[in-house]
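>>> quick check, what structure comes out for this input:
(2 chains)
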Amino acid sequence: MTTPDVPDAPEAVRGRPPVTERRLHPVTPLRRAWAPVAVLIGWALHDPDQAQRQLNRLTTTTLLIGIAVLIPAAALYGFLTWWFTHFAVTDSELRIRTGLLFRRTAHIRLERIQAIDVTQPLLARVAGVSKLKLDVIGADKKDELAFLGAGEARALRAELLARAAGFAPETAHEVGEAPARQMLRVPAGVLAVSLLLTGATWGWLLVAGVVVPLLWMATHSLWTVLAAAVPMLGAAGASSVGRYVTEYDWTLAESPDGLRIDHGLLDRAHETVPPGRVQTVRLVEPLLWRRRGWVRVELDVAGSSNSLLLPVAPRELAESVVARVLPGVTVPPREALVPPPRRARWCVPLWWRGYGLAVTDAVFATRHGLLRRSLSLVPHAKVQSVRLVQGPWQRARGVADVHVDTGANKSVTARLRDTAEAAALLHSQAERSRTGRRDALPDRWMS
Amino acid sequence: METGSPHDTGTAATGRPAVADGDEPVWIALPPGLLRMRRLLLGVWLGLLTLATALVPGLLAGPVWAAFALLPLALLLWGWVLLERNWRSWRYAERADDLLISRGVLWREQTVVPYGRMQLVEVTSGPVERHFGLASVQLHTAAAATDATIPGLDPAEAERLRDRLTELGEARSAGL
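Got it, this is the predicted structure:
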């Protein structure tokens, strides 16, 4: 409501409807206001003596002059960058025009959208604004729209999805949000227990518990001990408290526009993955979760940094979610996964037992890991290329690895297969990759 | 040509199947230009090194020290053989729906790229390659892990391959 609409004249000339350019929310310039303060604090912490001396030299007049010059300069810069940033939605593109001295125009094609994220960092939630980011292959951080009013961001997301889905351009901004049906919500208690049962936190705490007393005995220097302890405790905190905060209230919903993933305690994130964008899915089962039958589901979308579908869920539920995410796919049961031949134990002792492969009509599924089991699924339609790799030691044992490459820059590997089987797999997989595409959804999923 | 290939890892050299697996891939080997270029480069650099290691210690410390030159010389001979085996291992086949590339002697790798998945076909030729009349073709798919390069082709063949691959890629285009 606060963003002024600036009609762009030259666009209207060629008989097309005029493209309305819009500006970001007016609080945008403030988002970098903390940076100079942070630099000053960082400098003061880094070199306290020097900072003290400099502070003593400051007189009231210099301070006042400094403030009188710096604050308006920063405000002017912030205002100008905001003033010169525009975005517009056309029938097929999102255009972002930005830059004060170096102009930059990004045109993002809507049918290439892999995912749309609306995120609200804590302070943005207080101010009632959010960030909107389109995940397209090759897009970078500059292509996010930060910030928009919260309501405006939702409306824009709905409009972008409607246009990407292939609704008629005239009606696209009236389609509104597609109705979402909640599939799953992870209870806070289950999440907490699952994180307590994760090895990484305890591992870091254990290392800290051993290293810190040893260091203290060896050096008796408080600073050394702190310098060693803080990163380790930080890592332990990130893998427990940090994950709890981001994965809190994880809600998975389904809509005609694709998957909706909402999560976060302090920073809220709302991700939308349109149908047919998921390249690979992984079911990860840490050792301590096995008794409870829990799994973690990860996914890969090309050009997107989001990689989590479900932080924790019972196995049957997770499998039904996977069946919704990859239509026509059933997760192969454990017995269906064929282990490598016994002679593979000379290549990878012990751990060879963790490997397994199953190829169904819809997916290429491989398993690896003995303690922390992980099952990766790639729909045949998402396979970009297939590679067979065989080292000299593997050749002597008559086994080979088959790699399947996907567009999310992840390769899924079937390790230590029998040579003849691997050669056959190489060709049949390339064949399936080609034919699997035929019944895939079009890029514009509503057309 | 035979360069007296040793039989220590003989399986690798004979492991090149004359009759390809099952159906009809028609394998095309690389032209000898690449081998010539690589051998010349190897000869020039290691030859110079041999000369340097023979002359410098030989003149400064006594003729016995010139024996150091045997090391780069052995390397030169070994590399001479290795280059040929590596060159022989490279081959490619255009099938109806995909391109096959096979390479490697000890670490063998075979790549299959369906034509519909190609995003971009590139022909590159550096100054040295150009001098020897060579060009390489590189295929890119949406997956960065796809490692499909065919080095040392005749420029005309490289262009033919590029045009054919682009044409087939357009006809079967599938995207992500």
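
>>> ramachandran angles for the residue most central in space within chain A?
Centroid-nearest residue in chain A, with CA atoms, centre = their mean: A:Asn306, separated by 1.4 Å. Main-chain dihedrals, A:Asn306, degrees, to the nearest 10: phi -70, psi 140.

>>> contacts only, for the closest residue to it other than its chain neighbours.
Leaving out its chain neighbours, the residue that sits closest to A:Asn306 by CB to CB, 6 or more residues apart in numbering or on different chains is A:Glu271, at 5.4 Å. The way it works is simple: take the backbone N, C-alpha and C, and place the C-beta from them, glycine included. The contact partners of A:Glu271, by CB atoms under 8 Å, 6 or more residues apart in numbering or on different chains, come to A:Ala115, A:Ile116, A:Asp117, A:Val118, A:Leu259, A:Arg260, A:Ile261, A:Asp262, A:Asn306.

>>> give me the neighbour count for the closest residue to the fifth one other than its chain neighbours.
Nearest non-adjacent residue to A:Leu259, counting by CB to CB, 6+ apart: A:Val273, 4.5 Å away. As a burial measure, the neighbour count of A:Val273 was computed by other CB atoms under 10 Å in any protein chain shown and equals 24.

>>> same question, A:Leu370
If you count neighbours by other CB under 10 Å, A:Leu370 ends up with 12.

>>> how near is it to A:Val404?
Here A:Leu370 is placed at a distance of 22 Å from A:Val404 (CB to CB, to the nearest Å).

>>> mind naming the longest helix for the chain?
Reading this off chain A. Longest helix in chain A, counting residues (DSSP state H): helix A:60-83.

>>> chain B, not that one
Looking across chain B with DSSP H, the single longest helix is helix B:33-61.

>>> name the SS class of A:Ala168, please.
Under DSSP: H, G, I helix; E, B strand; the rest coil, the three-state class of A:Ala168 is coil.

>>> burial count for the residue nearest to A:Asp91 when sequence neighbours are not counted?
In space, and not counting its chain neighbours, A:Asp91 is closest to A:Pro169: 4.3 Å by CB to CB, 6+ apart. Neighbour count for A:Pro169, taken as other CB under 10 Å: 14.

>>> now do the phi/psi pair for A:Pro169.
Phi and psi for A:Pro169, reported as degrees, to the nearest 10, are phi -60, psi -30.

>>> let me see the ranges of the strands in the stretch 201-350 of chain A.
Using DSSP state E, counting those that start in this stretch, the strands of the stretch 201-350 of chain A run over residues A:251-255, A:258-263, A:268-273, A:278-285, A:294-301, A:308-314.

>>> please apply the same query to chain B.
B:28-29, B:91-94, B:98-103, B:108-114, B:118-124, B:135-141, B:148-153 (DSSP state E).

>>> residue contacts, A:Val89?
With CB under 8 Å, 6+ apart, A:Val89 has these contacts: A:Val19, A:Arg95, A:Leu156, A:Glu159, A:Leu160, A:Arg163.

>>> distance of the closest residue to A:Pro29 other than its chain neighbours relative to A:Arg103?
Once flanking residues are discounted, A:Pro29 sits nearest to A:Gly78: 3.0 Å by CB to CB, 6+ apart. Note on A:Gly78: its distance to A:Arg103, by CB to CB, is 18 Å.

>>> show the pLDDT at A:Gly234.
Looking at A:Gly234, its pLDDT reads 89.

>>> correction: B:Gly15
Reading off the model, B:Gly15 has pLDDT 37.

>>> quick one: contacts for the residue nearest the centre of chain B?
By CA atoms, centre = their mean, chain B has its centre lying nearest to B:Trp87, at 4.7 Å. By CB under 8 Å, 6+ apart, B:Trp87 lies in contact with B:Leu30, B:Pro32, B:Leu34, B:Leu35, B:Arg38, B:Gly152.

>>> switch these over to JSON lines; also include pLDDT.
Output for the contacts of B:Trp87, formatted as JSON lines (pLDDT from 0 to 100):
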{"residue": "B:Leu30", "pLDDT": "93"}
{"residue": "B:Pro32", "pLDDT": "92"}
{"residue": "B:Leu34", "pLDDT": "92"}
{"residue": "B:Leu35", "pLDDT": "94"}
{"residue": "B:Arg38", "pLDDT": "93"}
{"residue": "B:Gly152", "pLDDT": "91"}
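
>>> count the neighbours of the residue lying closest to A:Pro179 once chain neighbours are set aside for me.
Nearest residue to A:Pro179 in three dimensions, chain neighbours excluded: A:Ser255, at 6.2 Å (CB to CB, 6+ apart). Look at A:Ser255: counted by other CB under 10 Å, it has 16 neighbours.

>>> from A:Ile116, how far out is A:Ser255?
A:Ser255 is 12 Å from A:Ile116, where distance means CB to CB.

>>> again with A:Leu215
48 Å.

>>> neighbour count winner among the two?
Legend: neighbour count by other CB under 10 Å for A:Leu215 and A:Ile116, higher for A:Ile116 (25 against 17).

>>> how is chain B divided into domains?
Here the domain parsing of chain B from automatic domain parsing is B:33-83, B:95-171.

>>> and the ones you listed: which comes nearest A:Thr198?
Closest approach to A:Thr198 among the domains of chain B (CB to CB): domain B:95-171, 28.9 Å.

>>> the closest one: how far from the chain's middle?
Domain B:95-171 sits 12 Å away from the centroid of its parent chain (CA atoms, centre = their mean, to the nearest Å).

>>> do that domain and chain A meet at all?
Yes. Contact of domain B:95-171 with chain A (CB under 8 Å from any CB of the partner chain) involves B:97-98, B:106-114, B:116-117, B:141-148.

>>> low-confidence bits of chain B, can you list those?
Applying pLDDT under 70 to chain B flags residues B:1-23, B:174-176.

>>> actually the stretch 1-150 of chain A, not the one I wrote
In the stretch 1-150 of chain A (pLDDT under 70), the answer is A:1-18.

>>> how long is stretch B:92-99 from one end to the other?
End-to-end span of stretch B:92-99 (CA to CA, to the nearest Å): 7 Å.

>>> picking that back up, okay, the strands of the stretch 201-350 of chain A in CSV with mean pLDDT next?
Below are the strands of the stretch 201-350 of chain A laid out as CSV (pLDDT from 0 to 100):
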stretch, mean pLDDT
strand A:251-255, 93
strand A:258-263, 93
strand A:268-273, 92
strand A:278-285, 94
strand A:294-301, 94
strand A:308-314, 95
